[in-house]
Structures are given as C-alpha cells and as structure tokens.
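J.: Give me a model of this one.
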Amino acid sequence: MNDRREQMRQTLCEAHIPFPELNAFLVSTVEFVFGLLLIAGAVTPLACVMLSGVMIVAISTTVIRNIKATSPIGWLANFFYLPEVLCLVILAWLFLSGPGWFSVDHLILSNTSL
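T.: Model prediction:
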C-alpha cells in the first residue's frame, strides 16, 4: 500500500503539483469516496463533478504530455483513446442523464412529494 502512495506522490511531484503528500491523500480520498457514492447512485451530480475535476487535472498535468503523434489528427485520435477521456465522457453522461431508477438518489426523490 505504501508503494502505491509513493507512486502517486512521485507522479504529483513530476507534474509539479504543489503539496504532493497532501494532494496524494486528497485525490485518493476523493476517488474512493465519490467512486463509492457513484456506484451506489448517491449524490450522483456531485460525485460526477468531483471525479471529473480529478480527471481533468490528471489529463492536463500528466497524461497529455505522453501523447506522441506526427500530425494533429493523430494527436487528437490518441487523445480520444485515453482512458481518462473516456471516464470523463462517462461522467458527463451520468451528470446529464442522472443516476437512473436503481439508485439511492431515485429512492430518496421518489419518496418525497413535491
């Protein structure tokens, strides 16, 4: 477990993210907590926003530098094949469509009368 934490801290150091020790803890916590909430379908819009923020920072600080392409079209094709971009698209879709009928959000909203 300490190896993963050190790997995360090293990645944040290489990306010149300030306070890498604190940010490694915060990013891991956000991913874990809001990932669990997203699986349960609880506070889905908030979970999507928080996880999207993590994905955008990851794309802009570390992943985008590793794209190797000879043309702009090739670069764009490689960009859209990144798993972080796919995750961001899925989070945007969930944010816009909502959690669905099999979720905590749906159970809470269906029991309240407006």
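J.: ok, Ser71 to Asn78 distance?
T.: 10 Å (CB to CB, to the nearest Å). C-beta coordinates here come from the backbone N, C-alpha and C atoms, glycine included.
J.: If you count surrounding residues, which of the two has more?
T.: It is Asn78, of Ser71 and Asn78, that has more neighbours when counted by other CB atoms under 10 Å, with 15 against 8.
J.: same question for the helix or strand containing Leu22, mean pLDDT?
T.: Leu22 belongs to helix 20-40 when assigned by DSSP states H and E. With pLDDT averaged residue by residue, helix 20-40 scores 93.
J.: So for whatever helix or strand comes next after that helix, mean pLDDT?
T.: Next along the chain after helix 20-40, taking DSSP H and E as the criterion, comes helix 44-58. For helix 44-58, mean pLDDT is 95.
J.: Quick check: buried residues in helix 44-58?
T.: Neighbour counts using 16 or more other CB atoms under 10 Å place Thr44, Ala47, Cys48, Met50, Leu51, Ser52, Val54, Met55, Val57, Ala58 of helix 44-58 among the buried residues.
J.: which other residues reach that helix?
T.: Residues outside helix 44-58 that contact it (CB atoms under 8 Å, 6 or more residues apart in numbering) are 17, 27, 30-31, 34-35, 37-38, 84, 87-88, 91-92, 94-95, 98-99, 103, 105.
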